[in-house]
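[1] Please work out how this folds:
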Amino acid sequence: MDPDALHSSPVMMTGVKYHSQDEKSEYLYQTVEQKPSAPVTQSAEGQSSAQRDSLWKRTSLLFISLWIITLISLTTTLGLYFKQSSAVQSELTEQQRNSSIHIIELEKQLGEKKRENSNLQKEVGEKEQEFSDLHTRFSSMRASYLPTEM
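    Got it, this is the predicted structure:
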């Protein structure tokens, strides 16, 4: 397509019909003059920077929230662990105390059984002595009643 043909034909730009190149150039000049590109670029950069800042803030907030949740979970877990550990320690202490009491009771029972055994051994000794005395008497009585051979 011929560039001159473009300039000679009516031009349609942003809904406005131009009959000459001069009209088109004039409109473009006014448009550029009214809306400079530099502030638009700065505005776009500002928006981009604002978007980056917003993204950074959201990411930071998410990270901090996750960090706080992690700390709460860790604290709760450690609290439960130490509570359970304390309960186990208390139970062990209670069992040791109970076993100490049980050992003391068993030692008392052992002392009583030793005394009973000692008393029974004394009785057995006395009965053996009594039996021996009775046996000796019986033997001597039997010997006295039996006729003696001559």
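[2] Low-confidence regions, the protein specifically.
    Applying pLDDT under 70 to the chain flags the ranges 1-46, 147-150.
[3] From Q89, how far out is L120?
    Between L120 and Q89 the distance, using C-beta to C-beta, to the nearest Å, works out to 46 Å. Bear in mind the C-beta positions are built from the backbone N, C-alpha and C, glycine included.
[4] Mind jotting down where the strands sit in the chain?
    Per DSSP state E, the chain carries strands over the ranges 11-13, 16-18.
[5] Show me the chain divided up by domain.
    By the assignment in automatic domain parsing, the chain contains the domains 1-35, 36-145.
[6] count of residues packed around F131?
    Burial of F131 is recorded as 10 neighbouring residues (other C-beta atoms under 10 Å).
[7] That one and R97, how far apart?
    On the measure of C-beta to C-beta, F131 and R97 end up 50 Å apart.
[8] Next, count neighbours for L106.
    10.
[9] Check the spacing between it and L66 real quick.
    58 Å.
[10] ok, now N98?
    For N98, the distance to L66 - C-beta to C-beta - is 47 Å.
[11] Over to V124?
    Applying C-beta to C-beta, one obtains 83 Å for the distance of V124 from L66.
[12] for T59, same thing?
    11 Å.
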